[in-house]
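Peer 1: return a 3D structure for these sequence lines:
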Amino acid sequence: MELLAKLAAVVDAPPGTPEGQIATIFFDPRCPYCHAAFTALHGRIAARWVPVVVLGDPEGGNRMAAGILSATDRVAALKAAFETKGGNPGEVSPETAAKLAENKEAFASIFAASPALRPGVPTMFVPRPDGRLAIMVGYEAGDDAKLRAVLAGS
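Peer 2: Prediction:
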């Protein structure tokens with residue numbers, strides 16, 4: 001979780017939320033499943049949304065992710081990107097490009113270390129009360145209840 005907490009992300013959690021209660025979610029801003037996950041989870045669970053551009057058109061995806069990461073209010077920018085399916089694309093500065101590359105490298109490393117998992121977005125790392133992590137790849141209606149159950153230790 002410490003490595004995940006260092007990645008460039010949008011923290012959508014009340015201030016003071018303990019690290020052990022924050023899910024980390026890798027997402028591509030153009031992914032419809034990521035949109036569905038955000039709609040179901042925003043305001044209901046504490047999450048760290050980590051942009052990773054893995055779908056086609058990396059240039060367009062990087063501009064969308066840069067717009068989110070460079071915004072003054074990252075949560076509002078993330079919400080706008082999901083609601084408008086585009087948000088406010090930004091300039092991909094060398095610093096932002098490096099952050100997005102680091103996110104993508106971490107994402108790839110996770111799946112390289114776990115060959116049983118098939119890469120996909122969203123990928124959610126959900127901390128259990130006992131300190132272990134549950135990993136959920138993809139999103140379908142109703143998965144928000146499963147995620148909340150894991151966070152609660154059910």
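
Peer 1: drop to CA atoms for contacts and neighbour counts, all remaining ones
Peer 2: OK.

Peer 1: look up phi and psi at the residue nearest to L55 when sequence neighbours are not counted.
Peer 2: Setting aside the residues directly before and after it, L55 is nearest to D28 in space (CA to CA, 6 or more residues apart in numbering), at 7.1 Å. Main-chain torsions, D28, degrees, to the nearest 10: phi -110, psi 130.

Peer 1: name the residues of stretch 90-109 that come out as buried.
Peer 2: Applying a neighbour-count criterion of 16 or more other CA atoms under 10 Å, one finds 90, 92, 96-97, 99-100, 102-104, 106-107 buried in stretch 90-109.

Peer 1: how much distance is there from that stretch to the middle of the chain?
Peer 2: Relative to its parent chain, stretch 90-109 has a centroid offset of 13 Å by CA atoms, centre = their mean, to the nearest Å.

Peer 1: now do that stretch: everything it contacts.
Peer 2: 7-8, 26, 50-54, 62-70 (CA atoms under 8 Å, 6 or more residues apart in numbering).

Peer 1: where do the strands sit along this structure?
Peer 2: 10-12, 23-27, 47-51, 123-127, 133-137 (DSSP state E).

Peer 1: packing partners of the second one?
Peer 2: Applying 3 or more CA pairs under 8 Å, 6 or more residues apart in numbering; DSSP states H and E, we find strand 23-27 packed against strand 47-51, strand 123-127.

Peer 1: got it, and the third one?
Peer 2: For strand 47-51, the packing partners by 3+ CA pairs under 8 Å, 6+ apart come out as strand 10-12, strand 23-27, helix 94-113.

Peer 1: one more pass at 7 Å, please.
Peer 2: Using 3 or more CA pairs under 7 Å, 6 or more residues apart in numbering; DSSP states H and E as the contact definition, the elements that strand 47-51 packs against are strand 10-12, strand 23-27.

Peer 1: parallel or antiparallel, list what pairs with the shortest one.
Peer 2: So the one you mean is strand 10-12. In the sheet containing strand 10-12, its partner strands are strand 47-51 (antiparallel), by DSSP bridges.

Peer 1: may I have the partner strand exported as PDB, CA atoms only?
Peer 2: Only the C-alpha atoms of strand 47-51 are listed here, as PDB (Å, rounded to 0.1, in the frame of the first residue of the first chain):
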ATOM      1  CA  ALA A  47     -10.600   6.000  -2.800                       C
ATOM      2  CA  ARG A  48      -7.300   7.000  -4.400                       C
ATOM      3  CA  TRP A  49      -7.900   7.100  -8.100                       C
ATOM      4  CA  VAL A  50      -4.600   6.500 -10.000                       C
ATOM      5  CA  PRO A  51      -4.800   7.400 -13.700                       C
END
